[in-house]
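Asker: when you get a sec, could you give me coordinates for this:
(chains A and B)
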Amino acid sequence: MNEALLSGKNVIVQGITGAHGSFHALAMAAAGTNVVAGTSPGKAGQTVGTIPVYDSIKAIQADMRVDSTVIFVPAPFAKAAMLEAIDAEVPLIVCITEGVPLHDMLHISQRLQKSKSRLIGPNCPGIILPGLTKLGIIPAAMALPGTVGIVSRSGTLTYEAMSALSARGIGQKYVIGIGGDPVSGTSFVDCLELLQNDAAVDRIVLIGEIGGTSEYDAADFVARHVTKPVFAYVTGHHAPAGVQLGHAGAILGSEKESAAAKTEYLAKNGAVTATNLVALMNEIT
Amino acid sequence: MKLLEYEAKGVLAKDGVPIPKGALAQDDPAFLPAVLKSQVPTGGRGKAGGIVIAKTAEEYGNALAKLKTLEVKGYVPRSILAEELLGIKTELYLSLLVDKNARAITVMAHRHGGVEVEDNDEGSYFTLILPARPDFDAAGQQLADYYDLPDKTFVLQDLLQKIHGAFIRNDALLIEINPLVVTHDGDIVAGDCKMELDDAAAFRHPEWAFETGKAEVNFVTLDQNGDVATIANGAGLAMATVDAVADAGMRPANFLDIGGGANEASVLAAFERLVTYPNLKVIIINIFAGITRCDEVAKAIVTASEKLPGLPALSVRLAGTNYEQAADILQRAGMTIQPSLELAIKRAKQETR
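Answerer: Numbers count the residues shown, from 1 in each chain, chains lettered A, B, ... in the order given. Purely as a prediction, here's the structure:
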C-alpha cells in the first residue's frame, strides 16, 4: 500500500444510483475526487450529476481505466460487488457497506490473497487524503491538510479524532478507517507500514476498539518497525464482557480483548496512550 | 445470535449429526427415565441445578415444576428439554469456529469434554484450520488419532463433514459440542450443543425463527445507578463518550449508539429509556454528523424534550454538517450547544456536582 494507490485517480462508485451511493458520489466529487463513473445493473446510460452510470465494471473498463472503486451496495449484494471488482483487477476497493456476513468475508479474504486488489473495509468510512482526495464518507470539511496519519477501526470516532486535531491546527496527510468487522481487507499493520514509509508523515494516531487482537499486531509492529511517534487510544474501557456494543467486531470475549489490556500492551511497545480521546488529543502538540 | 440447546440440536439433526432422542418436555413424560434440561442461554447450567434426571413419573413432575421457575445465572427458561439418558463411556469436546486471524473455519477438540472450555487444563487442544474445500477423510483421521479412537475413524470423518455442512449452511460463527458423548454401545452423540449464528446473514435465512431472536446491540445498560446517560452515533464514538464520562469521575449509566438516523422518534425513545435510571442527573448527547445533519438532530432534541417534561439536564455536543443552524435552533429553545466532547463533559460535570 502506498500513496499512489490511495490517491484514487480514476474512481468509480458501485451502487451509484442508491441513496447513499448517489449522495456520496457527489460529495466525493465535491471534495476533489476524480469520480469518473458508477455502476448500477440495468441503469446504464443514466447519470448521477454529471457522472455516467454503467451496468458493470467491465463496461466502464471498455471506455476508461479504473484505479479505485467505492462500494455502497446493500449488504446482501456486497460479496458479489467485491468479487466483481476483484475479477476486474481494480487495484483499490473501498467497501463502505455495513453488515456483510462473516462467511462472505472469509470467501472474499481467500480470493484477495491471489488477486491484484487491495480491499479496505467493509463497514468502514473509507479514506481521506485532505486537500487531495476522498474515497468514502469521511466529512471533508473537518479535514485539514498536514502531516499526521490517522488509522482507526471506528467510523464516527475517526471523524472525532480528525476534527479534534484540525481544531488544534494539526493537519493530516492520511485518515484511514479500516472498519470494525472481525474480518476485513486491510489491517492496522498494513496502514502503519504505509505511514512509517511515507516521509511526509511525522506522527501517527491509532484508534482501536475492544474485541479481536489486531491492536496487539499493531503494537508489535510499532515496537519493531515504527520510528515515528505513535499516539494510541483503544475505546471501550467500560464495556461489559460478552455483550456486543453496536457492531460485530466490538465484543469483549477474553480479558486480552479488553481496552485496558490492549492499551497497556501498546504503551509497553512505545505508543503514547490515554484512556479517553480528549486526553490523547491533549498529548499531541 | 446464540441458540438454545434444543434449537442448536435441531439444526445439527437436519444435517444428520446424531443427537439424543428427545423433545420439549410436556406435562406427562413421553419416556422414562428422562433427563430434564433447562433451556437457558448461558453455561454452568448443570452446577446451578438446571439438569435433573427423572426415573419415575412422580420425579418427572416434580423436576419439571422446579426447573420451570429455577433461575440460572439470571435466566428463567421458557422451555425444558426432555432427553433419553445416555450410557456415557467417554465425554469429548469438539467445536467448529471462525478463526479471525487465519480467516478460516477451524476445528478444536479436546479429549476431556463435559467441563467449560476455560476450566479445561488437562493437556492441550487439538486445532485444525480447514481450507475452503476440506479433506474430511484426512481431518477425521487426525481427529481419531488425537482422541485415540482408531475404531471410530469412519464415524468421525462422517461427523466432521456433517457438522461442517451445518456450519456453512447456517452461517454459523460457532458450533460447540460439549460433551461429544461416546456411549457404552459405541455410538457418538452430541450431548450438548452451543451454537451461534451470524445475525448479519439473517437476510438469506427466512427459516430462522428462534426463541432468543436478534440481540439488542445498540443499547446496553452499564450501571443502573449511574448518574450520566449517553447518546452517541457510531459504536466507537458511543464507547469513547462513555470512557470520557468515566475518566471525568462520573458514573456512565449506559452505552447507546443511535446510528445514522437520529430523528425525533429515536431521540424520544432514547430519552424514555434513560429517564428510568434512578440517579440520573444529566444526559450527554454526542453526535458527529457525517450522513446525519446537525440541524435535524437539534430539532429532534428540542421536540423530544418538549414531549417529555421532567428530563434531567442535557449536555448537547453536535459536530459536522449544518452545525451553525443547529446551534441556532438549540439557542432559541434555551439550550446551548457544546462545540467539543471536552466541553460537553465539563458541562455534565457541573450538573453532577
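
Asker: isn't there a strand covering residue A:227?
Answerer: No - using DSSP: H, G, I helix; E, B strand; the rest coil, the secondary structure at residue A:227 is coil, not a strand.

Asker: and the helices in the stretch 251-353 of chain B, which stretches?
Answerer: Per DSSP state H, counting those that start in this stretch, the stretch 251-353 of chain B carries helices over the ranges B:264-274, B:294-307, B:323-332, B:341-352.

Asker: same question, chain B
Answerer: B:5-14, B:57-69, B:136-147, B:153-169, B:235-247, B:264-274, B:294-307, B:323-332, B:341-352 (DSSP state H).

Asker: tell me which of the ones you listed sits most buried.
Answerer: Among these, ranked by average contacts under mean count of other C-beta atoms under 10 Å in any protein chain shown, first place goes to helix B:235-247 (a mean of 28). (Each C-beta comes from the backbone N, C-alpha and C, glycine too.)

Asker: which strands or helices does it pack on?
Answerer: Packing contacts for helix B:235-247, counted by 3 or more C-beta pairs under 8 Å, 6 or more residues apart in numbering or on different chains; DSSP states H and E, involve helix A:156-167, strand A:203-209, strand A:230-235, helix A:277-283, strand B:228-232, strand B:254-256, strand B:282-289, helix B:341-352.

Asker: which one, of the helices of the stretch 251-353 of chain B, ends up nearest to residue B:242?
Answerer: helix B:341-352 (11.1 Å; C-beta to C-beta).

Asker: let me see the mean pLDDT of the closest one.
Answerer: For helix B:341-352, the per-residue pLDDT values average out at 93.

Asker: which residues touch that helix?
Answerer: By C-beta atoms under 8 Å, 6 or more residues apart in numbering or on different chains, the residues outside helix B:341-352 that reach it are A:160, A:164, A:277-278, B:227-228, B:240-241, B:244-245, B:248-250, B:281-282, B:284, B:286, B:312-313, B:315-317, B:336, B:338.

Asker: can you give me the neighbour number for residue B:185?
Answerer: Residues lying near residue B:185 (other C-beta atoms under 10 Å in any protein chain shown) number 9.

Asker: per-residue pLDDT of it, please?
Answerer: Looking at residue B:185, its pLDDT reads 95.

Asker: right, and it touches residue B:87 too?
Answerer: Yes - counting by C-beta atoms under 8 Å, residue B:185 does reach residue B:87; the two are 6.6 Å apart.

Asker: a markdown table for the helices and strands packed on helix B:235-247, including distance to residue A:241?
Answerer: Listed next are the helices and strands packed on helix B:235-247 as a markdown table, based on distance: least, C-beta to C-beta, whole Å:
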| stretch | distance to residue A:241 |
| --- | --- |
| helix A:156-167 | 21 |
| strand A:203-209 | 15 |
| strand A:230-235 | 15 |
| helix A:277-283 | 22 |
| strand B:228-232 | 20 |
| strand B:254-256 | 13 |
| strand B:282-289 | 24 |
| helix B:341-352 | 26 |
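
Asker: contact residues of the stretch 251-353 of chain B facing chain A?
Answerer: Residues of the stretch 251-353 of chain B lying close to chain A (C-beta under 8 Å from any C-beta of the partner chain) are B:252, B:255, B:257, B:288-291, B:319-321, B:340-342, B:345.

Asker: go again using 6 Å as the cut-off
Answerer: Within the stretch 251-353 of chain B, the residues that sit near chain A (C-beta under 6 Å from any C-beta of the partner chain) are B:255, B:257, B:288, B:290, B:320, B:341-342.

Asker: lowest pLDDT pick from these?
Answerer: Out of these, that is residue B:290, at 70.

Asker: list the residues that contact that residue.
Answerer: Residues in contact with residue B:290 (C-beta atoms under 6 Å, 6 or more residues apart in numbering or on different chains) are A:137, A:139.

Asker: tell me how chain A divides into domains.
Answerer: Structurally, chain A divides into domains by automatic domain parsing as follows: A:3-120, A:144-283.

Asker: closest one to chain B among those?
Answerer: Among those, domain A:144-283 comes nearest to chain B, with 2.4 Å by C-beta to the nearest C-beta.

Asker: what residues go with each domain of chain B?
Answerer: Following automatic domain parsing, chain B resolves into domains at B:21-84, B:88-204, B:219-352.

Asker: no further queries at this time; thank you.
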